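Colleague: How does the following fold in three dimensions:
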Amino acid sequence: MTAISLIKPWLPSHFRVRPALAIVFVIVLAICMTWPGAIAGQSPIKLNIIARLQPPSFEHLFGTDEAGRDIFARLIHGTRYSLGVALAVVLFAAVFGVIYGAIAGFVSPRIDTLMMRIVDVFMGFPSLIFALAVAAALGRGLGSVTLALSLMWWPGFARTVRAEVVRLKEFPHVEAARALGVKPVLIFIRHILPFVAGPVNIRITTDIGYALVAVTALSFLGLGAKSPTPEWGLLIRDARPYFGTAWWYLVFPGTAIMLCAAASSILGDSLTARRSK
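Modeller: Residues are numbered from 1 along each chain as shown. Next up is the predicted model:
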């Protein structure tokens, strides 16, 4: 259960955020990731000390930072870094987790138990502390962040898929396929994967928002992108000293992260509601 799902029942119907709005927002994000230069219209790294810490205006929609760089341009270009890494983390974790969970669900109970104990070991560590340790060991950079968070994320997918495989492999059509000598890989692809795809898609949709927060958190702590990369967590890190005099520097990147996480949660809740009908 997410924070959005707890709040929604208490809101009047005309104030509830419709999934359609979240879908439109996601489409806008996809356009920004694909054509950031055309949307932003300015360079995200061009310095202009004369225009440093300028408030929002027609020339600079979201104002400028301490080096005179356009914050709107940095946010738009930052979608490729922050959202791109979040997507990579979730997709890498989903692929490995689905394969691992499928194998665990199909093999003998003894091997299944051993494989799931490995999952328990990974899930036993505090997730953010584990990611911090791995990222620090690998060195600063978005590649290190991607690997660290992927290692933290895959056990959840493995548990989800393994539970579905254990349940579905006892169904009559699956047992019939096994009796006919169909290979386990083909059984999974043809008879189990269509039923597993629903829970996996829901988890992917919901986890993208959480992954985005984790990516920006690691960059904020100095383990992610390096300046002058227009990554959202790095923008917030650089904006801290100027919040008292340049509120826009911190507010706009923070709002972007919040809206993306909310859209992910809303779409995940919508998919869950549709599947439960």
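Colleague: Go ahead and confirm Leu218 touches Ala131.
Modeller: Yes: under the criterion of C-beta atoms under 8 Å, Leu218 makes contact with Ala131 at 6.6 Å. In short, each C-beta sits where N, CA and C put it, glycine included.
Colleague: what's the distance between Gly97 and Lys183?
Modeller: Look at Gly97 and Lys183: by C-beta to C-beta, to the nearest Å, they are 22 Å apart.
Colleague: Tally up the residues packed near Leu114, please.
Modeller: Leu114 has 12 neighbouring residues, counting by other C-beta atoms under 10 Å.
Colleague: Please name every helix or strand in contact with the helix or strand hosting it.
Modeller: According to DSSP states H and E, Leu114 maps onto helix 109-124. Applying 3 or more C-beta pairs under 8 Å, 6 or more residues apart in numbering; DSSP states H and E, we find helix 109-124 packed against helix 71-106, helix 142-168.
Colleague: Could you export the ones you listed to TSV, including columns for mean neighbour count?
Modeller: Conversion of the helices and strands packed on helix 109-124 to TSV gives the following (neighbours: other C-beta atoms under 10 Å):
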stretch	mean neighbour count
helix 71-106	22
helix 142-168	22
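Colleague: nearest to Val119, of these?
Modeller: Taking C-beta to C-beta, helix 142-168 is the member of the helices and strands packed on helix 109-124 nearest to Val119, at 4.5 Å.
Colleague: after that closest one comes which helix or strand?
Modeller: Using DSSP H and E, the first helix or strand after helix 142-168 is helix 172-179.
Colleague: Just checking, which helix or strand of this protein averages the lowest pLDDT?
Modeller: Within the chain, no helix or strand scores below helix 3-7, which has a mean of 42 by mean pLDDT, DSSP states H and E.
Colleague: Including mean pLDDT and distance to Ala135, could the helices and strands packed on helix 109-124 go into a markdown table?
Modeller: Compiled in a markdown table, these are given as follows (pLDDT from 0 to 100; distance: least, C-beta to C-beta, whole Å):
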| stretch | mean pLDDT | distance to Ala135 |
| --- | --- | --- |
| helix 71-106 | 94 | 12 |
| helix 142-168 | 91 | 4 |
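Colleague: Could you export the ones you listed to JSON lines, including columns for distance to Arg178?
Modeller: JSON lines is the format used below for the helices and strands packed on helix 109-124 (distance: least, C-beta to C-beta, whole Å):
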{"stretch": "helix 71-106", "distance to Arg178": "10"}
{"stretch": "helix 142-168", "distance to Arg178": "12"}
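Colleague: Please save the CA atoms from stretch 155-169 in PDB.
Modeller: Extracted in PDB, the C-alpha atoms of stretch 155-169 (Å, rounded to 0.1, in the frame of the first residue of the first chain):
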ATOM      1  CA  PRO A 155      15.200  -9.800  -4.800                       C
ATOM      2  CA  GLY A 156      11.700  -8.200  -4.800                       C
ATOM      3  CA  PHE A 157      11.000  -9.300  -8.300                       C
ATOM      4  CA  ALA A 158      12.500 -12.800  -7.600                       C
ATOM      5  CA  ARG A 159      10.100 -13.300  -4.700                       C
ATOM      6  CA  THR A 160       7.100 -12.100  -6.700                       C
ATOM      7  CA  VAL A 161       7.800 -14.400  -9.700                       C
ATOM      8  CA  ARG A 162       8.800 -17.400  -7.600                       C
ATOM      9  CA  ALA A 163       5.500 -17.200  -5.700                       C
ATOM     10  CA  GLU A 164       3.500 -17.000  -8.900                       C
ATOM     11  CA  VAL A 165       5.400 -19.900 -10.500                       C
ATOM     12  CA  VAL A 166       4.900 -22.200  -7.500                       C
ATOM     13  CA  ARG A 167       1.200 -21.400  -7.600                       C
ATOM     14  CA  LEU A 168       0.800 -21.700 -11.400                       C
ATOM     15  CA  LYS A 169       2.800 -24.800 -12.000                       C
END
